[in-house]
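Student: need coordinates for the below:
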Amino acid sequence: MIAAMLLAHIVADYVLQWDGLARWKSERLSGVIVHGGIVLVVTWLLSLPYTREWWPYALLIGLTHTLIDALRTRVGRVSGRTALGLFLLDQALHLAIILAMLSLSGYLVQGQIVEAVVHQAQDVRLLTFLIGYTFITTPAGIIVRFLVQGLVASTEAEALPPANKYIGILERGLITTLVIVGQFALIPLVAAPRLVFDGPRVRENGMTSSYVAELLASAAAAVAVGLALRRV
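Tutor: Numbering: from 1, shown residues only. Have a look, this model is predicted:
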């Protein structure tokens, strides 16, 4: 159940929060409610293989997720370190509530979170690999951009323009796979094409440090996931 709820959060809060929905959320409460409904449905559906009695906890997760996002939306548009801080707080609250629901429902013993996660990762390898590869798609890309914008790009002028997220997803997927199969020497070749094609545009706009930081952070996230999956 722990792995299923982690996958539910990744899918509902990232993969199924497409660009249009994210804009809708930032502009209207109705967008926040729709997103909260998606969180509720995905959480409930992924709980069904374990029990049909978990719907009250799924409902609580969906409602609290909606409330947190509604409060975050009221803050308005922010950037840099402020945006990073709000993002980290938002995710910490969502994950804390999920862990609390797992604890209240008896699927998680307090003080044994790490042991429970490691044990389940080894016990349900297919689900663990699914979580890993799902994470390196949209979630990893969003997390990397928040980190770079908050820690590297000190001004709006240095902020990176929207990147082709599908290229990033492909890069991270290939790097993760290469790490899993032990082909570490091929990893630099995956990022090389983007450096060649984007190099002139990046230098022209004076965004070299931010661009390199994002590329390295993206690759590091993929390597970390690959190393974790190698140990499963």
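
Student: thought residue 137 was touching residue 176, still the case?
Tutor: No. Residue 176 lies out of contact with residue 137 (Cβ atoms under 8 Å); the separation is 10.4 Å. The C-beta positions use only the backbone N, C-alpha and C, and glycine is treated the same way.

Student: hmm, who's touching the host helix or strand of residue 8?
Tutor: Assessed by DSSP states H and E, residue 8 sits inside helix 2-10. Applying Cβ atoms under 8 Å, 6 or more residues apart in numbering, the contact partners of helix 2-10 are 39, 42-43, 45-47, 49-50, 94-95, 98, 101-102, 107-108, 116-117, 120-121, 124, 127-128, 130-131, 134-135, 139.

Student: at 7 Å instead, please
Tutor: Helix 2-10 has contacts (Cβ atoms under 7 Å, 6 or more residues apart in numbering) with 42-43, 46-47, 50, 94, 98, 102, 107-108, 116-117, 120-121, 124, 127-128, 130-131, 134-135, 139.

Student: before we move on, the earlier item: compare residue 176 and residue 137 (neighbour count), which wins?
Tutor: Neighbour tally, residue 176 and residue 137, criterion other Cβ atoms under 10 Å: the higher count belongs to residue 176, 28 against 20.

Student: secondary structure element for the residue most central in space within the chain?
Tutor: By Cα atoms, centre = their mean, the chain has its centre lying nearest to residue 139, at 2.6 Å. In this assignment (DSSP H and E), residue 139 forms part of helix 138-151.

Student: what is the neighbour count of residue 227?
Tutor: So residue 227, with other Cβ under 10 Å, has 12 neighbours.

Student: please, which helix or strand holds it?
Tutor: With DSSP H and E as criterion, residue 227 is part of helix 208-230.

Student: elements contacting that helix?
Tutor: The contact analysis (3 or more Cβ pairs under 7 Å, 6 or more residues apart in numbering; DSSP states H and E) places helix 208-230 against helix 125-135, helix 138-151, helix 165-180, helix 187-204.

Student: looking at those, which is nearest to residue 26?
Tutor: Comparison of the helices and strands packed on helix 208-230 against residue 26 by Cβ to Cβ identifies helix 138-151 as nearest, at 14.2 Å.

Student: which of the residues in the closest one are buried?
Tutor: Buried residues in helix 138-151, counted by 16 or more other Cβ atoms under 10 Å: 138-150.

Student: with just CA atoms, put the helix holding residue 8 into CSV.
Tutor: Extracted C-alpha coordinates of helix 2-10, given in CSV (Å, rounded to 0.1, in the frame of the first residue of the first chain):
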residue,chain,number,x,y,z
ILE,A,2,2.9,2.4,0.8
ALA,A,3,4.3,2.1,-2.8
ALA,A,4,0.8,2.4,-4.3
MET,A,5,0.1,5.6,-2.4
LEU,A,6,3.5,7.1,-3.5
LEU,A,7,2.7,6.2,-7.1
ALA,A,8,-0.7,7.7,-6.7
HIS,A,9,0.8,11.0,-5.6
ILE,A,10,3.4,11.1,-8.4
